[in-house]
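Visitor: This is the structure alone, sequence omitted:
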């Protein structure tokens, strides 16, 4: 969001309303120079999981009377041209708003499609039944909520096609190619790297899958292989990795580039999830080859797939990694392709230029 607001602030007057946890409030301060106004509501941590809820639990978790009142107040005070709701939990605040503004929902990942993948990966039959209930409830909720918006933006073309929403627009993830750029002076002393926010179970599941089914195949053929895992709450959520030789959990770091620059291969062993993985773009922009499952690489298409090797079987995934680890020239050439694609297709300037045209088309109507 920071990059989008920064870029569009030259063309639009931006008013930001956001939830924030205590430690996140400082992250909003740099946006002050790009926004006409920033209003923050402190989020109250809740965990509604009841299967008797008419709304999905994670939607209810984000309902706040304070937030609803604030949005109504700002809508009444200001004659907006566009009101954009980021993420599905914020869509519930569209209800009851009377305004001339065009409304947009940005669906970062199609929720019911994510649940469908989790249901397919689950082996326990009782849990499968629970997933089936949640899937059908979320499918009904998302299809209903989409109709309340003038436009729905999807990050992935795959999800836009699946949703079949008549007023959809696809705007892929982008990357700051000046910030994430190769540094030829870094030693390649990290074989494999994986990054993520581990409050998100999708990232935890990726590590469970990789460590259990793929890592043993790699170290059997290349015992000296090392791997680093970096991200918010990784130490807390990945304690099961203790005792696995070669894998180090770093935790949260200030500058991920210091680690990406030293890595030989970036991996995305995702079994569940949706949307488009922005961390892949960071790796590509740094000139790093990527090995991913097909789910991990959703949203990527065309020439960029020459730099993202896709493999869904544990054995095939391990072999792709080993091929890169054993061949420096292959890593270098694939890294060149990765950087080229990041610069020519996924620069934020290109993404937001299309977004600007999209916004202007709404305003004209």
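Guide: Everything's here; your move. Everything numeric in this text was worked out from a predicted model, so none of it was measured.

Visitor: ok, and what's touching whatever helix or strand residue 322 lives in?
Guide: For residue 322, the element it lies in under DSSP states H and E is helix 314-326. Residues outside helix 314-326 that contact it (C-beta atoms under 8 Å, 6 or more residues apart in numbering) are 191-192, 213-214, 217-218, 221-222, 225, 264-265, 267, 269, 289, 291, 293, 309, 311, 330-331, 334. In this view, the C-beta of every residue, glycine as well, is placed from N, C-alpha and C.

Visitor: so what secondary structure elements neighbour the helix or strand following it?
Guide: Counting by DSSP H and E, the next helix or strand C-terminal to helix 314-326 is helix 328-345. With contacts taken as 3 or more C-beta pairs under 8 Å, 6 or more residues apart in numbering; DSSP states H and E, helix 328-345 sits against helix 278-285, helix 314-326.

Visitor: So which residues make contact with helix 328-345?
Guide: 175, 177, 180-182, 264-265, 281, 283-290, 302-304, 306-308, 323-324.

Visitor: Please repeat the previous calculation with a cut-off of 10 Å.
Guide: 172, 174-178, 180-182, 188, 264-266, 280-290, 300-309, 323-325, 327, 350-351 (C-beta atoms under 10 Å, 6 or more residues apart in numbering).

Visitor: Contact partners for residue 212?
Guide: Shown in contact with residue 212 (C-beta under 10 Å, 6+ apart): 240, 244, 314.

Visitor: How confident was the prediction at the last one?
Guide: Going back to what we said before, that points to residue 314. Listed pLDDT for residue 314 reads 98.

Visitor: what's the neighbour count on it?
Guide: Applying other C-beta atoms under 10 Å, we find 18 residues neighbouring residue 314.

Visitor: ok, now the second one?
Guide: Around residue 244 sit 16 other residues, with neighbours defined as other C-beta under 10 Å.

Visitor: Test my guess that it contacts residue 215.
Guide: Yes: the pair residue 244 / residue 215 is scored as a contact, 7.2 Å apart, by C-beta atoms under 10 Å.

Visitor: which helices and strands does the worst-scoring helix or strand of the chain on mean pLDDT pack with?
Guide: Lowest by mean pLDDT, DSSP states H and E among the helices and strands of the chain is helix 25-28, with a mean of 76. If contacts are counted by 3 or more C-beta pairs under 10 Å, 6 or more residues apart in numbering; DSSP states H and E, helix 25-28 sits against strand 15-20, strand 37-42.

Visitor: Quick one: closest of those strands to residue 151.
Guide: Comparison of the helices and strands packed on helix 25-28 against residue 151 by C-beta to C-beta identifies strand 15-20 as nearest, at 18.8 Å.

Visitor: strands paired with the closest one, and their directions?
Guide: strand 37-42 (parallel) (DSSP bridges).

Visitor: Phi, psi for residue 270 please.
Guide: phi -80, psi 130 (degrees, to the nearest 10).

Visitor: Please give me every residue in contact with residue 74.
Guide: Residue 74 neighbours (C-beta under 10 Å, 6+ apart): 15, 17, 37, 39, 80, 83.

Visitor: before we move on, back to that, by neighbour count, sort out the buried ones in the contacts of helix 328-345.
Guide: The neighbour count (16 or more other C-beta atoms under 10 Å) marks 172, 174-177, 180, 182, 264-266, 280-290, 300, 304, 307-309, 324-325, 351 as buried among the contacts of helix 328-345.

Visitor: still on that earlier bit, with distance to residue 44 added, can I get the helices and strands packed on helix 328-345 in CSV?
Guide: Formatted as CSV, the helices and strands packed on helix 328-345 follow (distance: least, C-beta to C-beta, whole Å):
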stretch, distance to residue 44
helix 278-285, 27
helix 314-326, 40
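
Visitor: closest one to residue 29 among the ones you listed?
Guide: Of all the helices and strands packed on helix 328-345, helix 278-285 comes closest under C-beta to C-beta, at 22.1 Å.

Visitor: Only whichever of the contacts of helix 314-326 are buried, select them in PyMOL.
Guide: Selecting only the buried entries of the contacts of helix 314-326 in PyMOL, with 16+ other C-beta under 10 Å as the criterion:
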select buried, resi 191+192+213+214+217+218+225+264+265+267+269+289+291+293+309+311+331+334
